[in-house]
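Engineer: Sequence first, then the predicted structure:
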Amino acid sequence: MLELKNISFTVSDEENRDKEIIKDISLTLEDDKFIAITGPNGGGKSTLAKIIVGIEKPTSGQIIWNGQDITNLSISERADLGISFAFQQPVRFKGITVFDLIKLAAGHQISRSEACEYLSEVGLCARDYVNREVDASLSGGEIKRIEIATILARGTKLSIFDEPEAGIDLWSFQNLIQVFEKMRSDIKGSILIISHQERILRIADEIIVIADGEVLEHEKAEEFLPKLLNDTESKDESCHCWKKGGC
Ligand SMILES: Nc1ncnc2c1ncn2[C@@H]1O[C@H](COP(=O)(O)OP(=O)(O)OP(=O)(O)O)[C@@H](O)[C@H]1O
């Protein structure tokens, strides 16, 4: 179980004024859940994910993972405790092959054919990719799918994906949904996905809406989704109210 207790994150803007990006967020994420985080651009979703994995340090608050305070642990210590993160814009590693990367992610020796299975799961023709370098020659959609394959190989207790749909073509999107549905049925842990896609929200157990650095909603998907969809269908989407307490 992941508990965020009164997490705040403040940075200094260009004029040295404090800018509060995350405002006193408290959340409890139960085990074995598929949780989608959504909300307007710039609301603080990626920042919160980076705080959970240790890329950013909260200005205040505590992160508790399975009863252990991990607030001051490094990224790799949190990774060792079973937390994985797939970036919105995945990192490229010149000189490292796709096979090396999947092997590193798995954390133990795996065969080329096992690595190929992970690549096939994310819809890549494994033999075309397994020996390629994870460099700039890969397209945005290819590197995204390779990164998802590394998370599958890690098979950790908490897998966090930041907009996995970004750069994925319409034809591959259905395959991606199937990857997450399979992960959801196989998991012995939780999946946290930041997404703007209705089809991803539809397969979630819970939906969290973050706007302006605050949690606006945290509800079961079956209760929240009809309200959200009804709202966006009945109004011009640009008029959708993302403010706490209404507009
Ligand atoms: N280190 C930083 N310094 C200054 N501003 C930052 C920093 N990190 C994030 N921000 C700002 O904080 C806000 C929240 O950013 P964040 O990337 O978390 O939003 P998001 O909800 O993930 O948005 P999107 O849906 O567009 O990906 C944005 O206005 C962003 O510019």
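Structural biologist: Looks like it arrived, so ask away.

Engineer: Provide the partner residues of the most centrally placed residue in the chain in its beta bridges.
Structural biologist: Nearest residue to the geometric centre of the chain (Cα atoms, centre = their mean): Phe161, 2.0 Å. Phe161 has these beta-bridge partners by DSSP bridges: Ala86, Ile193.

Engineer: confidence score at it?
Structural biologist: With respect to pLDDT, Phe161 scores 95.

Engineer: Surely it touches Ala86?
Structural biologist: Yes - taking contacts as Cβ atoms under 8 Å, Phe161 lies within contact range of Ala86: 4.5 Å. For glycine as for every other residue, the C-beta is placed from the backbone atoms N, C-alpha and C.

Engineer: ok, and what's touching the longest helix along the chain?
Structural biologist: When the chain is parsed with DSSP state H, its longest helix is helix 170-186. Outside helix 170-186, the residues that touch it by Cβ atoms under 8 Å, 6 or more residues apart in numbering are 34, 121-123, 141, 145, 148, 152, 159, 164-165, 168, 191, 193, 197, 199-200, 203.

Engineer: Residues of this protein that sit close to the ligand?
Structural biologist: Contact residues, the chain versus the ligand (Cβ under 6 Å from any ligand atom): Val11, Ile21, Gly39, Asn41, Gly42, Gly43, Gly44, Lys45, Ser46, Thr47.

Engineer: Select from the residues you listed every entry located in helices.
Structural biologist: Under the assignment DSSP H, these contribute Lys45, Ser46, Thr47 to helices.

Engineer: can you redo those residues as CSV with distance to Arg112 and neighbour count?
Structural biologist: Rendered in CSV, the data for these read as follows (distance: Cβ to Cβ, whole Å; neighbours: other Cβ atoms under 10 Å):
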residue, distance to Arg112, neighbour count
Lys45, 36, 24
Ser46, 34, 19
Thr47, 38, 20
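
Engineer: before we move on, back to that, can you say which of the residues of the chain next to the ligand are buried?
Structural biologist: By neighbour count, with 16 or more other Cβ atoms under 10 Å, those hold Ile21, Gly39, Gly43, Gly44, Lys45, Ser46, Thr47 as buried.

Engineer: Dump those residues to JSON lines, plus pLDDT.
Structural biologist: Formatted as JSON lines, these follow (pLDDT from 0 to 100):
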{"residue": "Ile21", "pLDDT": "96"}
{"residue": "Gly39", "pLDDT": "94"}
{"residue": "Gly43", "pLDDT": "96"}
{"residue": "Gly44", "pLDDT": "97"}
{"residue": "Lys45", "pLDDT": "97"}
{"residue": "Ser46", "pLDDT": "96"}
{"residue": "Thr47", "pLDDT": "97"}
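
Engineer: Can you check the pLDDT for Val91?
Structural biologist: 88.

Engineer: Show me where this structure has its strands.
Structural biologist: 2-12, 18-29, 34-38, 60-65, 68-69, 83-86, 93-97, 133-134, 158-162, 190-194, 206-211, 214-220 (DSSP state E).

Engineer: what residues does the first one touch?
Structural biologist: For strand 2-12, contacts defined as Cβ under 8 Å, 6+ apart pick out 18-29, 44, 47-48, 51-52, 56, 58-65, 158, 190, 213.
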